[in-house]
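*Asks:* For reference, the sequence and a predicted model appear below.
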Amino acid sequence: MSEPEMFDLVVVGAGPAGLHAALSAAALFGKRAAVVERDATVGGATTVTGTLPSKTLRETALALSGYRARKLYGVDLSLRRRATVSELLSHERTVKAAEQAQFRGLLERFGVPLVRGAATFADPHTVRVARPDGGETFLRGGAVVLATGSVPVRPPLFPFDDPRVHDSDELVDLAEIPESLAVIGAGVIGAEYACMFAALGVKTTLIDGRSKLLEFLDPDVSAALANAMTGLGVEFVWDERVTGCAAPPGGDVTLTLSSGRTLAADHVLVCAGRVSRADELNLAAAGVEPGSKGRLKVNEHFQTNVPHVYAVGDVIGFPALASTSAEQGRAAAAHALGATGLAGMTPLLPTGIYTIPEVASAGATEAELKLKGVPYVVGRADYAKNPRGKIVGDEGGFLKLLFREPDLALVGVHMIGELATELVHTGMMVMRAGGGMDLILNTCFNYPTLGGLFKQAAYAALLARGAEAHR
Ligand SMILES: Cc1cc2nc3c(=O)[nH]c(=O)nc-3n(C[C@H](O)[C@H](O)[C@H](O)COP(=O)(O)OP(=O)(O)OC[C@H]3O[C@@H](n4cnc5c(N)ncnc54)[C@H](O)[C@@H]3O)c2cc1C
Ligand SMILES: NC(=O)c1ccc[n+]([C@@H]2O[C@H](COP(=O)([O-])OP(=O)(O)OC[C@H]3O[C@@H](n4cnc5c(N)ncnc54)[C@H](O)[C@@H]3O)[C@@H](O)[C@H]2O)c1
């Protein structure tokens, strides 16, 4: 082994978890950190294949399809032509490149070397990097953060070498916009992509072995989303698992479902979950024990069973989001480097799903409150009764606030509609501040805004329990 270079923190993986760990170490805590990245690009699933590409494609699809204008004027103002794949992908490529350049710039500015190659443990403090040129680099860290993320599950029944059969990572290299698409898996990724293709006018079928859309959502929100997606043209096939997939040259791709039914489509997109590849890290050399399904088990400080080896982001599993991965990276770096003031994680994590329309939530659901026996009152505000909602033409969106009885603290926010993933933060900050009904009612919101939905929902809750009782 050549003489290793010494760092306070060695980070493996340059996705949001790893980048935030390394940049926090260098920029916030003034320590020496290095990041190892296997790919030629930085940003991981968030920037390269997942979050940003899918959200940018969604925005482009909405623009190209004239979706918002169509709803606004009640007449079809869509461009009345099929979008080309280069139109669809060009904005995505620009956004992606700009985000990557920004991260590379930050690494440079804060003196964090980006070491290209696949990392494995050589010993508990040393990471061996197999460089693309065939050479090796050794990095020794006082602490090591594993942020190696996840990759799509590729069930063997799908012939992924056929150019018409995609996983969600490959979708960003799409060569044509298909006439019809079968999406397997109605999880978050499948639901988001199904909406996007349906908005582009692609005949879209969404198939899942389960019987309901995104069951973790508030049931009213889930039902409203299923309704809106059906209106957009998504055909749902529930309670059916795909058991076979044939992709003959020159013919349609044909799926066989568990009932025996067959279904043909031009292209197939498999969104059957994501899996960690931590088993490739030679964990035994560091004494790190893998958890179930290849994920790494950590404590509340993101330490594995080896205290100076941390793991963050998708590699530790739920909630496996870009947002939470970045927070975990910062918290782990802070703990590893003794900056305990920034080593905590907020207990309140928002959810934002970029279906069409968007859905978002933070805090407790009604089911959770019922299970815990917490009394609550619901306030609901509809976009259709909000002046800005009318202006933007969102007829189906709504916000539901859950206030705990009797103190009327806000304990849950659930919404569907235009900008829901942004608006949810208002409720989340009220909850973070320990506020509730009074804080919302005593706040002046711009008019006309969708933010005003919070006031409308608070009034609705107040009316629901009787104004007398509150005063
Ligand atoms: C289609 C899609 C849409 C999504 N949309 C959202 C969304 O809207 N909002 C949201 O919050 N989240 C979203 N996510 C989830 C989000 O992308 C992930 O939770 C997030 O990227 C995880 O970050 P990470 O840093 O843990 O891992 P990753 O982003 O997976 O990055 C891990 C990095 O580690 C590198 N690596 C792996 N092994 C090694 C090794 N041995 N040596 C060196 N480098 C290695 C990989 O090349 C990769 O660059 C989406 C995901 C997908 C797939
Ligand atoms: N906006 C967001 O926050 C966002 C967006 C996209 C992805 N993500 C993250 O990405 C991760 C992965 O998402 P995902 O949607 O791929 O996984 P998932 O596990 O949520 O959903 C996979 C679905 O595929 C179905 N399925 C699997 N095999 C099947 C088969 N043969 N036939 C029929 N149905 C089948 C399963 O029943 C399941 O519902 C999640 O952890 C999520 O947090 C988040």
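*Replies:* Noted; the coordinates are in hand. Quantities reported herein were computed from a predicted structural model and do not represent experimental measurements. Ligands and ions are numbered 1, 2, ... in the order given.
*Asks:* how about the residues of this protein near ligand 2?
*Replies:* 155, 184-190, 192, 207-210, 241-242, 271-274, 320-321, 352-354 (C-beta under 6 Å from any ligand atom). In this view, the C-beta of every residue, glycine as well, is placed from N, C-alpha and C.
*Asks:* Whichever of these end up buried, select them in ChimeraX.
*Replies:* Burial among those is assessed by 16 or more other C-beta atoms under 10 Å; the matching ChimeraX selection reads:
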select :155,184,185,186,188,189,190,192,207,208,209,241,242,271,272,274,320,321,352,353,354
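*Asks:* Restricting to the residues of the chain next to ligand 2, which residues neighbour ligand 1?
*Replies:* Within the residues of the chain next to ligand 2, those near ligand 1 by C-beta under 6 Å from any ligand atom are Ile189, Ala320, Leu321, Tyr354.
*Asks:* Provide the partner residues of Tyr310 in its beta bridges.
*Replies:* Val145, Gln303 (DSSP bridges).
*Asks:* my bad, Val35
*Replies:* Assigned bridge partners for Val35, using DSSP bridges, are Val11, Leu114.
*Asks:* That one reaches Val115, doesn't it?
*Replies:* Yes - counting by C-beta atoms under 8 Å, Val35 touches Val115, with 7.0 Å between them.
*Asks:* more crowded one of those two?
*Replies:* Val35 (30 against 20; other C-beta atoms under 10 Å).
*Asks:* Find the residue at the geometric middle of the protein.
*Replies:* Leu321 (4.5 Å; C-alpha atoms, centre = their mean).
*Asks:* got the contact list for that residue?
*Replies:* By C-beta atoms under 8 Å, 6 or more residues apart in numbering, the contact list for Leu321 reads Leu349, Thr351.
*Asks:* Also Arg109?
*Replies:* Per C-beta under 8 Å, 6+ apart, neighbours of Arg109: none.
*Asks:* where does it fall, phi/psi-wise?
*Replies:* Arg109 has phi and psi values of phi -60, psi -40 when expressed as degrees, to the nearest 10.
*Asks:* The closest residue to Ala21 other than its chain neighbours: what's it in contact with?
*Replies:* Closest residue to Ala21 apart from its sequence neighbours, by C-beta to C-beta, 6 or more residues apart in numbering: Gly329 at 3.7 Å. Gly329 is in contact with 11, 16-22, 24, 145, 147, 312-313, counting by C-beta under 8 Å, 6+ apart.
*Asks:* Recalculate using a threshold of 7 Å.
*Replies:* Pro16, Ala17, Gly18, His20, Ala21, Ser24, Ala147, Val312, Gly313 (C-beta atoms under 7 Å, 6 or more residues apart in numbering).
*Asks:* List the strands paired with the helix or strand containing Ala182, with their directions.
*Replies:* Element membership for Ala182 (DSSP states H and E) is strand 180-184. Strand 180-184 has the following strand partners under DSSP bridges: strand 203-207 (parallel), strand 267-270 (parallel).
*Asks:* closest one to Ser65 among those?
*Replies:* strand 203-207 (12.7 Å; C-beta to C-beta).
*Asks:* Contacts only, for Gly117.
*Replies:* Contacts of Gly117 by C-beta under 7 Å, 6+ apart are Val36, Arg38, Val129, Ala130, Arg131, Pro132, Thr137.
*Asks:* Over to Val42?
*Replies:* Ala14, Leu19, Gln100, Phe103, Arg104, Leu114.
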